[in-house]
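Peer 1: With the input below, show me the fold.
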Amino acid sequence: MIGFFFKKNFYDGWDNLVWIVVFNLIILAISAAGLYLLQSVFTTITIIAVPIFILFVCLDFIMLFAVSEGCANLVDYKSSPYRETFSYIKDVWKIATLFGLLISIVIILVALGIPFYLSYGNFVGLSLAFFIFWAALVIVLALQWFLPLYSQLHGGFLKTLKKSFILLFDNTGFSLLLFFYSIFMMIFSVILIFVVPGTVGICMAQNNALKLRMKKYDWLEAHPEIIPSTVRKQIPWEEILDEDKEIVGNRTLKNLIFPWKD
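Peer 2: Predicted structure coming up:
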């Protein structure tokens with residue numbers, strides 16, 4: 001399943017490369033505007049730096065939630081026209097704002113809390129700093145499921161948040177793999193100035209991860225006689241992913257570069 005996940009995500013990214021670049025540039029423009037304003041207020045009115053930071057985090061996530069809706073279509077072998085992707089903004093801005101506020105709070109607590117407790121210079125301070133770090137890491141691991149869950153299931157904020165943690169604890173190994181894969185993609189993005197794969201590429205990977213992972217639950221639901229805890233390592237992924245593998249197929253380098261010659 002893991003090998004197919006990497007393969008499918010690469011193909012989906014390649015097939016929609018221009019789409020990814022366009023929306024990465026839009027998100028980069030929003031982030032750049034936020035950084036410029038933050039830099040300006042730090043030299044004038046520092047007190048409004050936090051509200052500006054939160055505002056632009058929320059704006060970034062409003063755009064990213066709209067993009068995630070498009071990614072959900074793309075990983076499901078559908079199209080996602082540019083205009084349609086922009087149209088999702090009116091549907092996602094509320095939940096995206098709540099998510100942006102949550103992320104902002106986590107970032108601020110980590111940025112202020114860890115240095116503060118480390119400044120104690122004793123075991124208690126070190127323990128509290130480590131607690132914040134590990135709590136933040138668990139939250140990040142869970143929240144990487146939030147966007148694809150909302151885009152594919154469209155539940156409420158609290159319901160989606162709850163499902164994010166359920167997915168994490170039920171798929172801890174795969175969640176860690178997705179986390180490190182996202183870090184790898186982000187490091188690779190630095191080389192390409194965050195144009196590719198960037199945050200949009202990571203969002204597509206998260207949607208692909210959820211789409212494939214949910215097939216496990218569909219299979220378990222179709223076999224109620226099976227106790228999930230007894231087959232965790234015996235899920236018949238070859239059978240479950242058979243249709244997807246047929247759709248994705250195999251490609252040579254020539255097929256990737258010159259698909260019209262296939």
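
Peer 1: The longest helix seen in the chain - contacts with which helices or strands?
Peer 2: Criterion DSSP state H: the longest helix present in the chain is helix 89-118. For helix 89-118, the contact count by 3 or more Cβ pairs under 8 Å, 6 or more residues apart in numbering; DSSP states H and E identifies helix 49-75, helix 123-143, helix 146-153, helix 157-170 as packing neighbours. Any C-beta I mention is one placed from the backbone N, CA and C, and that applies to glycine too.

Peer 1: Among those, which comes closest to Leu212?
Peer 2: When the helices and strands packed on helix 89-118 are ranked by distance to Leu212, counting by Cβ to Cβ, first place goes to helix 49-75 at 8.8 Å.

Peer 1: Columns distance to Leu102, mean pLDDT and mean neighbour count on top of the helices and strands packed on helix 89-118, output as CSV?
Peer 2: CSV is the format used below for these (distance: least, Cβ to Cβ, whole Å; pLDDT from 0 to 100; neighbours: other Cβ atoms under 10 Å):
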stretch, distance to Leu102, mean pLDDT, mean neighbour count
helix 49-75, 10, 96, 22
helix 123-143, 8, 97, 15
helix 146-153, 9, 98, 23
helix 157-170, 8, 97, 16
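
Peer 1: Export these as TSV, with columns for distance to Ile247.
Peer 2: Rendered in TSV, the data for those read as follows (distance: least, Cβ to Cβ, whole Å):
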stretch	distance to Ile247
helix 49-75	11
helix 123-143	29
helix 146-153	17
helix 157-170	24
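
Peer 1: which non-adjacent residue is nearest Leu128?
Peer 2: In space, Leu128 comes closest to Tyr117 once its chain neighbours are excluded; the distance is 4.2 Å by Cβ to Cβ, 6 or more residues apart in numbering.

Peer 1: thought the one you found was touching Phe133?
Peer 2: No. Counting by Cβ atoms under 8 Å, Tyr117 does not reach Phe133; the two are 9.9 Å apart.
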